[in-house]
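**Q** could you work out the structure for the sequence below:
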Amino acid sequence: MIEIAGLPAHILLIHGVVVLAPLAGLAAIVYGVWRAAQQYLAWPLGVLALGLVPLTLVTAQAGEQLEKARPASQLLHEHVEQGDVLKYLAVAFFAVTAVMLAVTYEPFARRLERLGSLGFIGRLGGSRGVRIALLTAGAVAGAVLIYQSIITGHSGAASVWAGR
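**A** Okay, the predicted model is just below:
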């Protein structure tokens with residue numbers, strides 16, 4: 001089992017996921033609905049979405065090791081299932097966010113246009129319908145990420161504190 005300072009790594013790493021996943025989701029929602037904020041949120045949102053992927057995967061791996069050390073229960077099983085969903089959602093959130101930023105954030109789109117074969121991605125931003133669809137998809141992905149992080153965190157807390 002992975003440990004940090006004698007504690008299971010999962011219980012320490014999870015705090016990063018609990019804070020950063022809703023923050024990234026909120027940033028995606030704001031980016032999707034408030035055009036004036038897009039120039040300020042593009043880089044932080046991209047970094048959050050990218051950083052969330054390895055953090056979520058490492059946290060899940062540490063959680064799987066912790067699961068083997070704990071007695072099995074229905075609550076723990078539910079938390080593991082929710083954690084698996086969150087793991088995949090973090091990757092999907094990054095993918096949606098990356099495409100959304102590549103098309104809707106003008107400096108990224110211009111750079112992509114200069115790359116030649118990837119230029120079609122940058123040119124998609126010229127279509128109002130594509131832009132709206134991607135901003136909507138990003139905001140929805142952010143809301144789903146927030147929801148799943150809350151559900152996963154709640155099931156984890158319930159598995160630890162139920163009956164105490």
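**Q** when you work out contacts or count neighbours from here on, use the C-alpha atoms and nothing else.
**A** OK.
**Q** burial count for residue 151?
**A** For residue 151, the tally of surrounding residues (other CA atoms under 10 Å) stands at 16.
**Q** got it, and residue 127?
**A** Other residues within reach of residue 127, judged by other CA under 10 Å, total 11.
**Q** got the contact list for it?
**A** The neighbourhood of residue 127, defined by CA atoms under 8 Å, 6 or more residues apart in numbering, contains no residues.
**Q** got a pLDDT number for it?
**A** Residue 127 is assigned 79 on the pLDDT scale.
**Q** just residue 7 next, same as before
**A** Reading off the confidence values, residue 7 has pLDDT 86.
**Q** who is it paired with across the strands?
**A** Residues found in beta-bridge contact with residue 7 (criterion: DSSP bridges) are residue 4.
**Q** relative to residue 161, how far out is it?
**A** As defined by CA to CA, to the nearest Å, residue 7 lies at a distance of 17 Å from residue 161.
**Q** and for residue 42?
**A** With distances defined as CA to CA, the gap from residue 42 to residue 161 amounts to 38 Å.
**Q** show me what counts as buried in the longest helix along the chain.
**A** Ranked by residue count under DSSP state H, the longest helix found in the chain is helix 128-161. Buried residues in helix 128-161, defined by neighbour count with 16 or more other CA atoms under 10 Å: 131-132, 134-153, 155-156, 159.
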